[in-house]
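Enquirer: Compute the structure for the input listed below.
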Amino acid sequence: MRVLGIDPGSRITGYGIIDVSAGGGSRYVDCGCIRAGEGALPQRLKIIFQSLSEIIADVCPDAVAIESVFMNRNADSALKLGRAQGAAMCAAVNQDLDVTEYTPAQVKQAVVGKGNADKTQVQHMIKILLGLSKTPQADASDALAVALTHVHTSQTLSRVSQVSTARQGRMR
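Expert: Have a look, this model is predicted:
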């Protein structure tokens, strides 16, 4: 399974791609940042949509995971972030992919072990968990963390489902 993780931003959108083996191990494929620049917001959203559409077409992910918008003190920033997230989601859905959202706290909890971890802690754990020789840029690292969160969550839900099915079989 190939997972594309996305850390949306109206100026910089991070992306990270990992492959998951049948045994459950994760392997780094690629990561980077889409730099939408300083122009008008509609033009930046177009860049995000087109760039992610190209990435999706190139890497053919099986799943897309995206960090959800968090409400900050600045409502205008949250609205811009939400629009960037929407452009990213549309790029995935436009290619018939399901999108799963994770909160920043869920991502930090899954990767670092505490929901209030800072960016440097996330970067450090991504480097260790994926066996990277150098630390990815913060937005790309966050996107890889979103992808890993999706993998861990999917694996856990699969195990829970298997246990539940096995228990139901014993009760009959």
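Enquirer: secondary structure element for Thr149?
Expert: helix 138-171 (DSSP states H and E).
Enquirer: Just give the number of residues close to the nearest residue to Val59 once chain neighbours are set aside.
Expert: Computed as C-beta to C-beta, 6 or more residues apart in numbering, the closest residue to Val59 that is not its neighbour in sequence is Ile17, at 5.4 Å. Where you see a C-beta, it was placed from the backbone N, CA and C, and this is true even at glycine. Per other C-beta atoms under 10 Å, the neighbour tally for Ile17 reads 23.
Enquirer: Tell me if I am right that Ile17 is in a helix.
Expert: No: according to DSSP: H, G, I helix; E, B strand; the rest coil, Ile17 belongs to no helix; its state is strand.
Enquirer: Might one say that it is in contact with Asp30?
Expert: Yes: with contact defined as C-beta atoms under 8 Å, Ile17 reaches Asp30; the gap is 4.8 Å.
Enquirer: what do these two both touch?
Expert: Val59 (C-beta atoms under 8 Å, 6 or more residues apart in numbering).
Enquirer: related to what we said a few turns ago, if I look at the residue nearest to Val59, how far off is His150?
Expert: Separation of Ile17 from His150 (C-beta to C-beta, to the nearest Å): 12 Å.
Enquirer: Pull up the overlap in contacts between these two.
Expert: 3, 5.
Enquirer: where exactly do the strands run in this structure?
Expert: Secondary structure of the chain (DSSP state E): strands located at 2-7, 12-20, 26-35, 63-67, 99-102.
Enquirer: Throw those strands into JSON lines and include mean pLDDT and distance to Asn116, thanks.
Expert: Shown next, in JSON lines, are the strands of the chain (pLDDT from 0 to 100; distance: least, C-beta to C-beta, whole Å):
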{"stretch": "strand 2-7", "mean pLDDT": "97", "distance to Asn116": "17"}
{"stretch": "strand 12-20", "mean pLDDT": "97", "distance to Asn116": "20"}
{"stretch": "strand 26-35", "mean pLDDT": "96", "distance to Asn116": "24"}
{"stretch": "strand 63-67", "mean pLDDT": "97", "distance to Asn116": "15"}
{"stretch": "strand 99-102", "mean pLDDT": "96", "distance to Asn116": "15"}
